[in-house]
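Peer 1: I'll drop the sequence and a predicted model, then ask my questions.
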There are 4 protein chains.
Amino acid sequence: HLQLKKYVIAPYDRRYRLWQTALVALVVYSAWVSPFELAFKKASTGPLMIVDLIVDAFFGTDIVLTFFVAYLDKATYLLVDDHKKIASRYLTKIWFPMDVASTLPFQTIYIVFTGKRNRGQFFGFLNLLRLWRLRRVSQLFTRLEKDTRISYFWTRTLKLICVTLFAVHSAGCFYFWLAAHHKTPTNTWIGSQVPNFKEESIWLGYTYSMYWSIVTLTTVGYGDLHAVNTGEKVFNMLYMLFNIGLTAYLIGNMTNLIVHAAVRTFAMRDAINEILRYASKNRLPEGLKEQMLAHMQLKFKTAELQQEEVLQDLPKAIRTGIAQHLFRSTVENAYLFKDVSVDLLVQMVAEMKAEYFPPKVEIILQNEFPTDFYIIVSGAVDVLTYKNGMEQILTKLGSSEMIGEIGVIFNIPQPFTMRTKRLSQVVRISHHRFKQMLQPHSLDGKKIISNFIQNL
Amino acid sequence: HLQLKKYVIAPYDRRYRLWQTALVALVVYSAWVSPFELAFKKASTGPLMIVDLIVDAFFGTDIVLTFFVAYLDKATYLLVDDHKKIASRYLTKIWFPMDVASTLPFQTIYIVFTGKRNRGQFFGFLNLLRLWRLRRVSQLFTRLEKDTRISYFWTRTLKLICVTLFAVHSAGCFYFWLAAHHKTPTNTWIGSQVPNFKEESIWLGYTYSMYWSIVTLTTVGYGDLHAVNTGEKVFNMLYMLFNIGLTAYLIGNMTNLIVHAAVRTFAMRDAINEILRYASKNRLPEGLKEQMLAHMQLKFKTAELQQEEVLQDLPKAIRTGIAQHLFRSTVENAYLFKDVSVDLLVQMVAEMKAEYFPPKVEIILQNEFPTDFYIIVSGAVDVLTYKNGMEQILTKLGSSEMIGEIGVIFNIPQPFTMRTKRLSQVVRISHHRFKQMLQPHSLDGKKIISNFIQNL
Amino acid sequence: HLQLKKYVIAPYDRRYRLWQTALVALVVYSAWVSPFELAFKKASTGPLMIVDLIVDAFFGTDIVLTFFVAYLDKATYLLVDDHKKIASRYLTKIWFPMDVASTLPFQTIYIVFTGKRNRGQFFGFLNLLRLWRLRRVSQLFTRLEKDTRISYFWTRTLKLICVTLFAVHSAGCFYFWLAAHHKTPTNTWIGSQVPNFKEESIWLGYTYSMYWSIVTLTTVGYGDLHAVNTGEKVFNMLYMLFNIGLTAYLIGNMTNLIVHAAVRTFAMRDAINEILRYASKNRLPEGLKEQMLAHMQLKFKTAELQQEEVLQDLPKAIRTGIAQHLFRSTVENAYLFKDVSVDLLVQMVAEMKAEYFPPKVEIILQNEFPTDFYIIVSGAVDVLTYKNGMEQILTKLGSSEMIGEIGVIFNIPQPFTMRTKRLSQVVRISHHRFKQMLQPHSLDGKKIISNFIQNL
Amino acid sequence: HLQLKKYVIAPYDRRYRLWQTALVALVVYSAWVSPFELAFKKASTGPLMIVDLIVDAFFGTDIVLTFFVAYLDKATYLLVDDHKKIASRYLTKIWFPMDVASTLPFQTIYIVFTGKRNRGQFFGFLNLLRLWRLRRVSQLFTRLEKDTRISYFWTRTLKLICVTLFAVHSAGCFYFWLAAHHKTPTNTWIGSQVPNFKEESIWLGYTYSMYWSIVTLTTVGYGDLHAVNTGEKVFNMLYMLFNIGLTAYLIGNMTNLIVHAAVRTFAMRDAINEILRYASKNRLPEGLKEQMLAHMQLKFKTAELQQEEVLQDLPKAIRTGIAQHLFRSTVENAYLFKDVSVDLLVQMVAEMKAEYFPPKVEIILQNEFPTDFYIIVSGAVDVLTYKNGMEQILTKLGSSEMIGEIGVIFNIPQPFTMRTKRLSQVVRISHHRFKQMLQPHSLDGKKIISNFIQNL
C-alpha cells in the first residue's frame, strides 16, 4: 500500500468503503421516496421532509469528500493523489453538476427564501433528480458481480428484485399522480372505484396504486382497476410495453442462471450414462463396470483435488511452487532418493503428475510395459502376483513408498500388479523424462542405483 | 458392508430406506393438510384430526428411530455407530427441536389437558410447523437428481409440479383464511360473490380458493374473483410478485432441459449438414458423398460403442482391463501371434485402438504408406486389387484375420485395397509402436517372422 | 435393395410411404373431428358422419395392409418378410387391438343393428379412441426431425403449432360439452352470456369455445367468459395448470432454436471483435489489422470449403479419397512431379493439407525458415523481393505452380515473399514428411531433382 | 475500387448508401401509415395524403435509380455494370412489379381520372401493398447484425421493438376497421363502450385501438375492452395465437443475448472459484494462493493482450508479421543478438511466444531444468538467489534484457530465480528450437557465443 498525501483518502480505504455502502442504503430510501412524494403531496410536507433533508446532508458531505479521495488513472494504473487533479477530474465531468443538482433541497430553499409553500408540481418533478443517485446502486452491483466470494446467483436475483420493485413502485406512484391531477376525479382509474379517493388515507391510495401496478406487471390483469381516461390509457400502454422487456429480461436471466448451475450435473450424468451404455453394449463383466463407475464418481466428487485441469492455465513457476509444497516431502522420503542432491529433487518434483485412484483399482498390471513409476502420497496399495491363476497378496505399501520402479529400472514388464486398497493419491514420472533428468547428475545416478540395490 | 453395533441401523439399510420413502408420502399429506386445516376450521375437527394424529405418531417413531441410525462422518468418510455420538449429533443441531415441535399434536394436548375446544387461530398457525417436514421432500429430490438410473427430466418436472401445486394450494388456503376472518364477510373477495360463503360446503370454498389461486398464478386473471379489501390486496401483491419468480424458474428449468436434450440432435444435424455442404461446394462425386454420410450416421448411431471418447478419462489400468476383455481372444487367434508369449500379447492388446467402419468403406488403399496394421474383430472385409483400371476381388477376410501386415512388415506401400463388406470392427496398432514393443522380446519376434513366412 | 417375398411390401417402398403420408392428413381430420363431435352432437349426425365412415375405411385398409409390410428386425438389422412373423409381431403388440378399436364405427354399427339412434354420451367418448391415431403424427415428426434435408426450425415450429392447436381445440370442445350437459343452462360459462346457446348455430358455439380456450391458454383472460359453476371451475383449473407446462415448453423450444441459430453469428462476431481489440491494444499498423480482418471474414464465409474441421472425423480412407479427387490433377501437373510414379503421387496427395488465403496475404515471407512447400490449386500468387527496402514483383504464379520449394530443397531461408493476388487455395506438405516419403522411392527422388534442376 | 461505366453507381457508393438509409426512414412512415389510413378513413384524405404522395415520389425515384446501380454477381464475385444486364436482372425478378405496385398512388390516380372520391375499402387494402417496402428494413437489420462496429445486443433489441410495435399497430388498426365496418356499431368492442365512436376524434379511436392491442399482446387482458361480435372474436383469436409465437420469440432472443453476455463472467468466476477450492482443499499457503489468484485475474483483465488464443487461427504469414512488429526491436536490442544477421533475427522472432506475468510471480525458479530462455519486452524482473535459506536480490532487469540464457547455453539447472516486480511481458523461445535454428547459421552462432562471453 502506497503512502498518500495528507488529507487524501485511498478509494479502497476500509472506512471510505463503509461510508459508500452506507450511502447505498440512503439511495434505496431516495429511490423509494422520490416517486412517492410526487404522487402523495400530503406526505412530502410531513415528517418525510425532515428525513429528506438529513439524507441530502449525507450526500452533500459525500460531494465534499470526493475532493479528498485519490483515483486510479486508467492509463498508468497508478493512484493519483494530487488535489488539483482530483478536483479537475471531478469538476469537468457530468458527475459534479448532477451530484449537486440531485442534492440541493430546492423546495426548502424556496420556502426559506420566499416564505411561501409551493403548491405546484415543479418541485415534485425536481425531486426526481435524486434518482441520479441510483447509479451508485448500479456500481455496487457491478462490483458484487465480480466478487467471487459472493454467490453470483443471489447477487443477480437481488438485482432483478430491486429493478422490479423500483419499476412497480414508480409506475404505481405516477399512475396515482395522473389520477390526482385529472380534472374530473371520478373519470379516473381510482376515482371510478373510490370517488373520494383524494380525501382517503395515503395508505389506501398507495395500496391501490401498487396493486394496479403489480397486477399489470405480472400480466394478471384482473380488470377491477383499469385505465379510464385517455391519458391513463397512454401511460398504461407505455408501462405494458416496458413490462414485456422487463419480463423477458427476468426470464432470460433466470434461465441463464439455471442453465449455468446445471452444467456440472449434466456433465456428471452424461459421463456416467455414457459409461453405463458402453459397458452394457459391450457386455463388460460387472467387475470392470463397477471400477469404471467408481472412477467416474470419484472424479466428480474430488473435482477440486484434481490437479491437471485447474493448474494447466497457471505459469510454470506457480505450478512448480505448488508441486514442491504438496509432494516434496513425499519424494524426499522415498527410499530411492535418499541422500540425493536437492537440485535433482526439485527438478523431479516439478515434473511429477498427481493422480487419484479410487479403492480396488489397478494402478499397474502385471506384465504391463513399464512407462512410468509412482510414489504413493496418501492411501494404501496392495502388491499382487498371480500364481496358477490365483491372486496372491505379497505386501501392502503406504505413503512415500514406490510402485513400478523395478520394471522401469530393469526395463522389463512389470513383475507385480498394484491395486489400491482405498482412495489413494500417487505422483507419477515417466521413465523417459526420469532418465533425461538424471543425465547431468552422474553422482545422484550412482546414489540412486546404490539405494535401489540396497533395497532389493 | 461393515458390521455395526447392536441396535444400530445403517443409513443405507434397505428397510430403513423404505421407511424413509414411506414417510415422504406422509409428508405430502402434511403439506396438503396444514394450510387446509388453517383455512377450513370445520375440517380440522372432523375425521382429518384422527388421521393427523396417526401421521404424527409415525413421525414421532422416526424421531426415536433416528437415535439408532449410524451416520457418515464427512471428514473421515467412516460410519459412526456410537450411540452417544449419534445422540449428541442429533440433539445439538436445529433438527431435533424442530422435529419435535413439528410432531407434537398441540391441539389435542390442549384439549386433553384443559377439556376445552380451542377456537382461536393459534393452533392453526402452530400446525404450520408441520411444514418443517418438507425438508425431507427436498432431500429426496436432491438424491433422485443424482441417481442416474432415473430420468433427470422427469425428476425435475415432478419437482417443479410439486412446488407449483404447493404454492397454489397454500396461497388459496391463506386467501380463504383472510376472507373467513374479515369483519364484514361481504367485503371480501369471495363474500362479494357468495355472501353466505361461511355456511357453504368446504368443497365450494376450496374450489373458489384454488380457482382464484390458479387464475392468478397462471396470470390469466379473468377478474371474476379479485381482491376487495386492503388486506387481500396486499397478500395478492405478494403472491403475484412471488409468481414472477416461480414462472421464470419454471420456464428457465424447462428451457434448460430442452436445450440439453437437443444437444445431441443438433450435433448430428450440424455434422451431417456440414459434410453435405462441403461435398456440394467441392462437387465431390456421389460415391464419396455417400461414404461420408454413411460414416457420420454410423458414428452417431453407434456412439455408445465408440471407445476412444468414453475411455479417455479412465485410468490406464481400467482401459487395459477393458481392452483385454474385448480384444484378447481376437488377437490370440490372429495367425501372426500364434504361440507368442502372454506378456507380449497383453502388452499389444493394451496398446490397440478399436474402430468401427460402415459397409463399403476402404480401410486401406492400395499404394498407401503403411502406418498401421489391423485385426478384424467382427464383420467382413474384401481384399481388392486394380488391374488395368478394373477392380478385382481377391479374397474375403473375417474375424481374427489381419489387414495390412504385409505392407507394415516389408515397409512397402500397401499392395491391396481393403474394403468393408458390412459394419466391421477392427483393432489397430501402429507400425512404430509394434516395433518398439517387440524389441525386448527377441524370441517372440522370431516366432512372428516364422508365422508370417509360413502364411505367405 | 433386397428381393422380398411376393405380396410383401418393403417399409421404405415409395408408394407405401405416400400412403402413410396421406393417412397422416386423415389423422389430422380425426384429431379435429373427435372432440368436435363430442361437443356438438348435432354435427355428428350430419354430413360429418359420412366423412367419418370413409376415413374409418381408409384406416381399416391400413390395418389389413400392415399384414403385408415387411419390418426391420432391431437385433439383426435385417428385413423380415415372413408372413407369419409379420402377423404374429402385429397381433401380439398393443397396436393391433388399439388400431381395430380406433377404427370400428361403433355408432353406425349400433344404428344398423338396433335401428335406433343413440342419444347418450357413450359413443361420443368411444369416438375419442380415434385419437389413438395421433401416434402416427408423432412418428412423422420424429422422422422429420432426423431428416437433414428439412429445416429443423420449421419442423419443430410446426410441431409446436400442432400441439398448441390440438390442446386449444380439445379444451374448447370439452368446455362446451360441460355447458351443454349442465342441468341449468344459464348457470354455465356460455349460458350466462347467451341463455339460449343450445338453440344457436354450431358456429356460434364453436367460436365461443375456441375464444375462451385461446383467451385462457394465452393467459390474456379478458374475463368476459369465465367459469360459473364448480365443474367448470375444476376443468378450468386443470387446463390452466396444463397451460403453464405448455407455455414453458413453447418458450423453451423457441429459446433452444434461437440460441442454436445464433451460435455461428456469435462465433464470427466474437472472433472478429477479439482481433480488433487485440490489434488496437497492441497498436498494430492498419495494414496488418486489415489482413487479420480479411482472413477472419473469409474464414467464416468459406466455412463450407474448409477441409480440416469437416474432415477430421472421417476415417483415413475417405479422407484420402477426397484428397485424390480434389488435388491429384493439380499435383500431377506441378513441374516437380513430372513423370513421378503413381505410388508416390497417391501418397503425397493423401498427406497434403489444403488452405485458403484471402487476397493480398503473404503465404511465405522472405527469409522465413522453410517448413512447408505449397502447390497452388486455384487463384494467383505474386512473387516479390525486397531491394533497397522497395518491393519488386518478380513474377505471377497460377494454378499447379509451386511455392517455396527452393527454400525447402536447398534448406535455406525462403528467398522470396509470396503474396496472394486474389482468393487462392493451396495445398501444403511439410518438408519433413516429404523427405520421409521420398526415402523408399529413390528413382522418383532422382526424377524430382532432375525436374528441379531443369526448371532453375 | 474499380472504375465503373458512366452513369452507373457502385452499390457501396457512400451517397447511394445514404439515400438507401434515408429511404428506410420513409419505409417506417409507410409501415405506420398504411394500416392507419385503412382504419381511419378520415385521416387518409387529409394532409397525410400529400405526405403519402411525396413518399411515393421518393420510392418512384429509387425504382428509376435501380437501373443505374451495378450489382455483385454471386458466382464470380464481380461487379456487373452493364446497363442491359442490370435492367434484365431487375425486370425478371419479382422485385420490379412489386416495387411498382407498392409505389403507384392508386387512389390519387383514380380521383384524377374519374373525378370521384372513392368511398369503398378497395384502395385502403391496395395501400397495404406499400408494406412490401418493409423488406428494406429487414435487409438493413441483416446488414447491421453482421457489422461488428455496432452492438449486436442493441441491433437485436431495436429489431424486436420494431417488430412488436408494428404488430401492435397493425392489429389495433385492423380491430378498429372491424368495428367501423360492423352493421350495428353498438355491437362492437368499442361501440359497446363509446356508442358514437365514429363521430369521435381519430385520436380517441387510435388510443382505444392501441390500448386494446397492447393489453392483448402483453396478455394483461383487463377485460374493459373485449371482443363482442363473432368476427371480432375470430380476429382476436388469431392475434392471440400469433402473440404466443411473438412472446416466445422475444423471450428466446432476450435469453440468447443474456446467456451470451454472461459467458465471459461465468468463465472468470468458475476459473477463480476452482482455484480457490483447489487451494483450500490442498491447504496451500496464502502466498501461493495469492499468486494463483493474481494470475487468473490478470489473465481475464488482459484477455485482449494475450497472443496465443487470438492468433492461432491466423495463417503463419500474418502471425509472423505481427511478431516482427511487436518484438523485433526488443530482440535486436538483446545483448546476445548484437550484430547477428537479419535472417536469423527474423526467424527467431517468428518462433517466439509472448507471455504476460503479474507482479511478484516467479518466471524461473533456481535449480529448475532449463527448457526456455526469455527476453523482457516490458516490465521489470528481479534476479534472486538463496543463501542460507535467505533471499538475496542480485540485480534488476528491464526491457530487452535476457533471462535464463545462462542455464540454456551451459545446459545446467537455472542458477537464479527470476521474479517479476510488476506486470511484465516476455517473449520465450525453447532451447531445442533455438539450437535447431542456429545450425545453418554458423557465423551467427560464433557471434552469439562471443557476445555471451563478453557479457559474463
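Peer 2: Received it, and whenever you're ready, just let me know what you need. Just so it is clear, the model here is predicted, and its values are computed rather than measured.

Peer 1: mind listing what the closest residue to chain B within the stretch 351-456 of chain A touches?
Peer 2: The shortest separation between the stretch 351-456 of chain A and chain B is 3.6 Å, found at residue A:362 (distances taken as Cβ to the nearest Cβ). Every residue, glycine included, has its C-beta placed from N, CA and C. Residue A:362 makes contacts with A:417-419, B:317-318, B:320-321, as judged by Cβ atoms under 8 Å, 6 or more residues apart in numbering or on different chains.

Peer 1: Most neighbours among the residues you listed, which one?
Peer 2: Within the contacts of residue A:362, most neighbours by other Cβ atoms under 10 Å in any protein chain shown means residue A:418, with 24 neighbours.

Peer 1: residues in contact with the one helix or strand that residue maps to?
Peer 2: Taking DSSP states H and E as the criterion, the element that holds residue A:418 is strand A:417-420. Under the contact criterion Cβ under 8 Å, 6+ apart, strand A:417-420 has outside partners A:357-366, A:374, A:379-386, A:397, A:403-404.

Peer 1: Check which helices and strands whichever helix or strand comes after it sits against.
Peer 2: In the C-terminal direction, the helix or strand that comes right after strand A:417-420 (DSSP H and E) is strand A:424-430. Taking 3 or more Cβ pairs under 8 Å, 6 or more residues apart in numbering or on different chains; DSSP states H and E as contact, the helices and strands that strand A:424-430 lies on are helix A:316-333, strand A:353-357, strand A:372-378.

Peer 1: just the strands in chain A please.
Peer 2: If you assign secondary structure with DSSP state E, the strands in chain A sit at A:71-72, A:79-80, A:353-357, A:362-364, A:372-378, A:381-387, A:390-397, A:402-403, A:417-420, A:424-430.

Peer 1: Format the ones you listed as JSON lines; extra columns: mean pLDDT.
Peer 2: As requested, the strands of chain A are arranged in JSON lines below (pLDDT from 0 to 100):
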{"stretch": "strand A:71-72", "mean pLDDT": "82"}
{"stretch": "strand A:79-80", "mean pLDDT": "80"}
{"stretch": "strand A:353-357", "mean pLDDT": "82"}
{"stretch": "strand A:362-364", "mean pLDDT": "84"}
{"stretch": "strand A:372-378", "mean pLDDT": "90"}
{"stretch": "strand A:381-387", "mean pLDDT": "86"}
{"stretch": "strand A:390-397", "mean pLDDT": "87"}
{"stretch": "strand A:402-403", "mean pLDDT": "90"}
{"stretch": "strand A:417-420", "mean pLDDT": "87"}
{"stretch": "strand A:424-430", "mean pLDDT": "88"}
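
Peer 1: Same list, these, but as JSON lines with distance to residue A:260 please.
Peer 2: JSON lines is the format used below for these (distance: least, Cβ to Cβ, whole Å):
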{"stretch": "strand A:71-72", "distance to residue A:260": "31"}
{"stretch": "strand A:79-80", "distance to residue A:260": "35"}
{"stretch": "strand A:353-357", "distance to residue A:260": "26"}
{"stretch": "strand A:362-364", "distance to residue A:260": "36"}
{"stretch": "strand A:372-378", "distance to residue A:260": "33"}
{"stretch": "strand A:381-387", "distance to residue A:260": "39"}
{"stretch": "strand A:390-397", "distance to residue A:260": "43"}
{"stretch": "strand A:402-403", "distance to residue A:260": "40"}
{"stretch": "strand A:417-420", "distance to residue A:260": "35"}
{"stretch": "strand A:424-430", "distance to residue A:260": "30"}
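
Peer 1: pLDDT score for the residue in the stretch 51-200 of chain A positioned nearest to chain B?
Peer 2: At 6.9 Å from chain B, residue A:164 is the closest residue in the stretch 51-200 of chain A, using Cβ to the nearest Cβ. On pLDDT, residue A:164 comes in at 94.

Peer 1: Same question for the one 5 residues further on.
Peer 2: With respect to pLDDT, residue A:169 has a value of 96.

Peer 1: circling back to that earlier point, so the residue of the stretch 51-200 of chain A closest to chain B sits against residue B:244, correct?
Peer 2: Yes: taking Cβ atoms under 8 Å as the definition, residue A:164 is a contact partner of residue B:244 at 6.9 Å.

Peer 1: Now the common contact residues for the two.
Peer 2: Each of A:217, A:250 lies in contact with both residue A:164 and residue B:244 under the rule Cβ under 8 Å, 6+ apart.

Peer 1: Write the ChimeraX selection for whichever of the contacts of strand A:417-420 are buried.
Peer 2: Buried residues within these, by 16 or more other Cβ atoms under 10 Å in any protein chain shown, are selected in ChimeraX with:
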select /A:357,358,361,362,363,364,365,366,374,379,380,381,382,383,384,397,403,404
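
Peer 1: Spell out which residues belonging to the stretch 1-150 of chain A are near chain D, please.
Peer 2: Contacts of the stretch 1-150 of chain A with chain D, taken as Cβ under 8 Å from any Cβ of the partner chain, map to A:145-146, A:148.

Peer 1: who's in contact with stretch A:10-23?
Peer 2: A:1-2, A:4, A:9, A:58-59, A:62, A:65, A:69-72, A:79, A:136, A:140.

Peer 1: Quote the end-to-end distance of stretch A:88-96.
Peer 2: Using Cα to Cα, to the nearest Å, the gap from the first to the last residue of stretch A:88-96 comes to 10 Å.

Peer 1: And it, what's buried?
Peer 2: In terms of neighbour count (16+ other Cβ under 10 Å), stretch A:88-96 has its buried residues at A:89-90, A:96.

Peer 1: same thing with stretch A:150-161?
Peer 2: Using 16+ other Cβ under 10 Å as the burial criterion, the residues of stretch A:150-161 that qualify are A:152, A:155-157, A:159-160.
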